[in-house]
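[1] sequence plus the predicted model coming up.
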Amino acid sequence: MHCSHCGLCCIKTEMLLSETDIEKLEKTGNRSKHFMRLDGQGYVKLRNRLGHCVFYDLKLKRCRVYSFRPLGCQVYPVIYSVEDGVIIDGLCPMSNSVSGKEFQRKGKTVVKLLETIDGEAAKRRQAAKRSAFVLHEDCNHS
Ligand code: SF4
C-alpha cells in the first residue's frame, strides 16, 4: 500500500510500544519521557500532544520520525482487534490498497509484536509488584 500521509492514524494515538520501539525512538535524540506514557497495566503507549501523537508535525502534516516509527505504525492499517483478531482498519483511507500478501505478512508481524508487548507488560507488572512488596516490608520493619 501507499501511505497518503493524511495523519488520521496519528490523531489521539493509542499505539503500543515495544522496548525495541522505545530504544529506536531514543536514538533519534528524543527522551522517552517526552514520547511515552505507561498505563496501569504495564503497557507503554505513544504520548499525545494537542490531540495528536507527539511525533506528528501539524504544520507539515508528517510524522517527524517516519523512518524510525514504531513497528505498529509501520504495519498499519493492519491491526489487532480483540473481537475480530487481525483486521484492516477501515479508518485508513488507503485501506483498500492493502494486498492479500501484505495483509498476511503484516498480520504475522502484528501477532508477534503483541506477544512481545504482552510479555514486556507482564514483566513490568511483576517488577511493580516486587517493589510494592519491598516497600511494604520496609514499612513493617520501621
Ligand atoms: S510515530 Fe509517526 S506514524 Fe506513528 S502515530 Fe506517531 S506521528 Fe503517526
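    It's in. Every value quoted in this text rests on a predicted model; they were computed, and no experiment measured them. Residues are numbered from 1 along each chain as shown.

[2] need the residue closest to the centroid of the chain.
    Leu16 (2.2 Å; C-alpha atoms, centre = their mean).

[3] tell me the phi and psi of Arg49?
    phi -140, psi 130 (degrees, to the nearest 10).

[4] beta partners for it?
    Listed by DSSP bridges, the beta-bridge partners for Arg49 are His52.

[5] again with Asp57
    With DSSP bridges as the rule, Asp57 is bridged to Arg62.

[6] how far does the host helix or strand of Glu137 sit from its chain's centre?
    In this structure, Glu137 sits in helix 100-141 according to DSSP states H and E. Here helix 100-141 is found 13 Å from its chain centre; the criterion is C-alpha atoms, centre = their mean, to the nearest Å.

[7] can you tell if that helix touches the ligand?
    No - using C-beta under 6 Å from any ligand atom, helix 100-141 stays clear of the ligand, coming no nearer than 13.6 Å. Yep, even glycine has a C-beta here, placed from its N, CA and C like the rest.

[8] averaged pLDDT, that helix. What do you get?
    Mean per-residue pLDDT for helix 100-141: 91.

[9] make 55 the starting number, not 1.
    Fine by me, first position is 55 from now on; the one you just mentioned is helix 154-195.

[10] picking that back up, the residue nearest to the centre of the chain contacts Gly96, correct?
    No - counting by C-beta atoms under 8 Å, Leu70 does not reach Gly96; the two are 11.0 Å apart.

[11] picking up where we left off before, helices and strands around the helix holding Glu191, which ones?
    helix 125-129, strand 132-135, strand 139-142 (3 or more C-beta pairs under 8 Å, 6 or more residues apart in numbering; DSSP states H and E).

[12] so how far is the ligand from His88?
    12 Å (C-beta to the nearest ligand atom, to the nearest Å).
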